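[1] sharing a model prediction with you, sequence too.
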Amino acid sequence: MSARVWIRTKEPDQTSASFPELFFDLVFVFALVQLSHTLAEDFSSAAAFESVLLVLAIWWVWINTTWVTNVLHTGREPVRLMLFGLMFGGVLLALALPEAFAGHGMMFALIYCAMQVGRSLFTLYAFRGVDDASFMTFVRITIWSLVSAIFWIAGAMMELEGRILCWSLALVIDYLSPVLRYAVPGLGRSPPETLDISGEHMAERCALFVIICLGETILTTGRNTAEHMNSDMTFAVFCGAFLSTGCMWWIYFHHGQERAADTAETTSRPESVAHNLFTYGHLPIIAGIILTAVGEDFSLSHAREESSLKYAIAMIGGPVLFLAGAIWVKMTVARQVPVSHLTGIGLLVALAALVPFSANYAIQLAATVILLVVAVWEYLALRLGRGATA
């Protein structure tokens, strides 16, 4: 089969998320469960920083795969097989994740690099002789992935401190590459707006990933609730956790997601807008949801314990990150600051002052109330036609 037919077109049946892509996403439910379990078991400052690196790595694998499936047709057998191969790698990556900074470091690094480089090489081949500009873009992407792989593999051969340093540098290389338009000596930078991006598809894929993260939060909360049914505060904390998840769904989907999709689809700069909205803009949203799930775990398992900075970072920091990401996305699409979200962040920061005097369940319920206030405020402001103050 000619690689030419592997390229996605603008036909309506090719701009929506496909079943192979949804199947691929299931792998990341497992990865997110692994990550949240790891964080909940050890939330020291060192473990928290390690988890930040792992979140960045997982997101980079997923979002870069989404960019590839945005330009390639997943209905074609070679593309579908490539996606299934990435699924298998994703499962192995998730298995290695809890011990990535211990005995499974080399396994994690090799699988991550194989997924990144292998996917880029496949896409490069797909564009060979079809689209020279896109072909050269993926040549540059492959070179950047190979440079990053040097630090991933070198870090896996080092002790903890060296591993953290090398993997941090590798992620800096990964995340800087789109900003620098994959500049390579002798090849220069990739020309702007080279890839024929479907904003509608990209928005739908990111929305589905947000749903996966919210679903993982519910799964984690349900499991922890079942384990702590003997506590008299469990039901109240569970209701608060469920309401918190519902509020995050509402804040993301009621207004911002649809406008993000419209902006990404109608802009004259689809590639640049997609990077801003989705590659980077959704990262704090995803990280915030994961951290919120960890905070809900703490509030269920240590409901009546006096709160501390350790617990507050998750219970308060998760919603703060989520709202910060929502602000980023909504400012990008509307060029207006959502006052409700800024107020919510201010209230959450103020809530931190009560941490030394409050139990975990009280902090978690208070954070949920703040998210509810943000959701209701934005809804009423938009309903009354005052979008600028939403």
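    Thanks, I have the structure now.
[2] low-confidence ranges, this protein, go.
    Scanning the chain for pLDDT under 70 picks out 1-4, 9-16, 386-390.
[3] got the domain ranges for it?
    With domains defined by automatic domain parsing, the chain comprises 3-179, 199-389.
[4] can you put those domains in JSON lines and add distance to residue 191 and mean neighbour count?
    (C-beta placed from N, C-alpha, C; glycine too.) Shown next, in JSON lines, are the domains of the chain (distance: least, CB to CB, whole Å; neighbours: other CB atoms under 10 Å):
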{"stretch": "domain 3-179", "distance to residue 191": "6", "mean neighbour count": "18"}
{"stretch": "domain 199-389", "distance to residue 191": "10", "mean neighbour count": "20"}
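[5] would you reformat these as JSON lines and include distance to residue 192?
    Formatted as JSON lines, these follow (distance: least, CB to CB, whole Å):
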{"stretch": "domain 3-179", "distance to residue 192": "11"}
{"stretch": "domain 199-389", "distance to residue 192": "7"}
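[6] show me the contacts for residue 294.
    36, 39, 40, 43, 314, 318 (CB atoms under 8 Å, 6 or more residues apart in numbering).
[7] contacts for stretch 344-357?
    The contact list for stretch 344-357 (CB under 8 Å, 6+ apart) reads 306-309, 311-312, 316, 319-320, 323-324, 327, 362-363, 366-367, 370-371, 373-374.
[8] so which of those are in helices?
    Within the contacts of stretch 344-357, residues falling in helices by DSSP state H are 309, 311-312, 319-320, 323-324, 327, 362-363, 366-367, 370-371, 373-374.
[9] of those residues, closest to residue 145?
    Residue 145 lies nearest to residue 324 out of the ones in helices among the contacts of stretch 344-357, by CB to CB, at 28.5 Å.
[10] from residue 169, how far out is the nearest residue to that closest one once chain neighbours are set aside?
    Leaving aside its chain neighbours, residue 324 sits nearest to residue 284 (5.1 Å; criterion: CB to CB, 6 or more residues apart in numbering). Distance, residue 284 to residue 169, by CB to CB, to the nearest Å: 22 Å.
[11] repeat that for residue 358.
    Applying CB to CB, the value for residue 358 to residue 169 is 40 Å.
[12] likewise for residue 91?
    Here residue 91 is placed at a distance of 27 Å from residue 169 (CB to CB).
[13] sec struct for residue 195, please.
    Secondary structure of residue 195, reduced to three states by DSSP: H, G, I helix; E, B strand; the rest coil: coil.
[14] tell me how many other residues crowd it.
    If you count neighbours by other CB atoms under 10 Å, residue 195 ends up with 20.
[15] which SS state does the spatially closest residue to residue 337 that is not a sequence neighbour fall under?
    Counting by CB to CB, 6+ apart, residue 331 is the residue found nearest to residue 337 once chain neighbours are left out, at 6.1 Å. Secondary structure assignment for residue 331 (three-state DSSP): helix.
[16] shouldn't residue 331 be in contact with residue 342?
    No: the criterion here is CB atoms under 8 Å, and residue 331 misses it with residue 342 at 10.4 Å.
[17] quick one: the helices in the stretch 101-250 of the chain, in order.
    105-127, 132-156, 160-179, 199-227, 234-251 (DSSP state H, counting those that start in this stretch).
[18] ok and the second one relative to helix 160-179, angle-wise?
    With axes from the mean of the first three to the mean of the last three CA atoms, to 10 degrees applied, the angle from helix 132-156 to helix 160-179 works out at 170 degrees.
[19] neighbouring contacts of helix 132-156?
    Contacts of helix 132-156 (CB under 8 Å, 6+ apart): 71, 105-106, 108-110, 112-113, 116-117, 120-121, 123-124, 127-129, 162-167, 169-171, 173-174, 177, 182-184, 187, 189-191, 194-196.
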